[in-house]
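Peer 1: Whatever this is, show me its structure:
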Amino acid sequence: MYKNILCAIDGSEHSLRAATQACEMARQSGGSLSFIVVTKPLKISSEAKQYLERESLLGEATYIVAPMTEQVLDEAKRAAKKAEIKDVKTVIREGQAARKIVEYAKLQRCDVIVLGSRGRGDIESLLLGSVAHKISSLAPCTVILVR
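Peer 2: Next up, the predicted model:
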């Protein structure tokens, strides 16, 4: 069965169902479970960036966690706790969702990626294709789409 499970979440109804499914899979297999949320890059002015660099406030990739992102992660952690999964990892990445999720899955050698069939995508998804479709095309492992 799957030993290294990655679940991509964005707070949509489908992703919350995916989180529940991923928790059940981890519980049944005794595998590890990671939740990943990908946020859009924070745009700051060049002056603000220079100030932060001068004051040594920018180092390795740091993420300003929006309240919505925290809420999404909290809901996923509650689902894991309910399924009695003790070792749950949460990951936040910044950038293009499909690319970052696949990148992380490769790096961590995930056996499966679980995600909602539809997320909170915007107009870009309609024009360029859904995140779920991109992940299923690029992933190095099994992809399970949850409705």
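
Peer 1: Helices of the chain, residue ranges please.
Peer 2: Secondary structure of the chain (DSSP state H): helices at 13-29, 46-54, 67-82, 97-108, 123-128, 131-138.

Peer 1: Which among the ones you listed is found nearest to Val37?
Peer 2: Val37 sits nearest to helix 67-82 of all the helices of the chain, at 5.4 Å, using CB to CB. All C-beta spots, glycine's among them, are computed from the backbone N, C-alpha and C.

Peer 1: so what secondary structure elements neighbour the closest one?
Peer 2: Helices and strands touching helix 67-82, by 3 or more CB pairs under 8 Å, 6 or more residues apart in numbering; DSSP states H and E, are helix 13-29, strand 32-39, strand 88-94.

Peer 1: Arrange these in a markdown table, one row each, with distance to Gln108 as further columns.
Peer 2: Shown next, in a markdown table, are these (distance: least, CB to CB, whole Å):
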| stretch | distance to Gln108 |
| --- | --- |
| helix 13-29 | 14 |
| strand 32-39 | 7 |
| strand 88-94 | 9 |
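
Peer 1: which residues does the nearest residue to Leu16 once chain neighbours are set aside contact?
Peer 2: Nearest non-adjacent residue to Leu16, counting by CB to CB, 6 or more residues apart in numbering: Glu75, 6.2 Å away. Counting by CB atoms under 8 Å, 6 or more residues apart in numbering, Glu75 makes contact with Ile9, Gly11, Leu16, Ala19.

Peer 1: quick one, what contacts the nearest residue to the second one once chain neighbours are set aside?
Peer 2: What that stands for is Gly11. Leaving aside its sequence neighbours, Gly11 sits nearest to Val72 (CB to CB, 6+ apart; 4.1 Å). For Val72, the contact set (CB under 8 Å, 6+ apart) comprises Ile9, Asp10, Gly11, Ser15, Val37.

Peer 1: now the closest residue in space to the first one that isn't next to it in sequence: how far from Ala97?
Peer 2: What that stands for is Ile9. Nearest in space to Ile9, with sequence neighbours left out and distances taken as CB to CB, 6+ apart, is Ser15 at 4.3 Å. Separation of Ser15 from Ala97 (CB to CB, to the nearest Å) stands at 11 Å.
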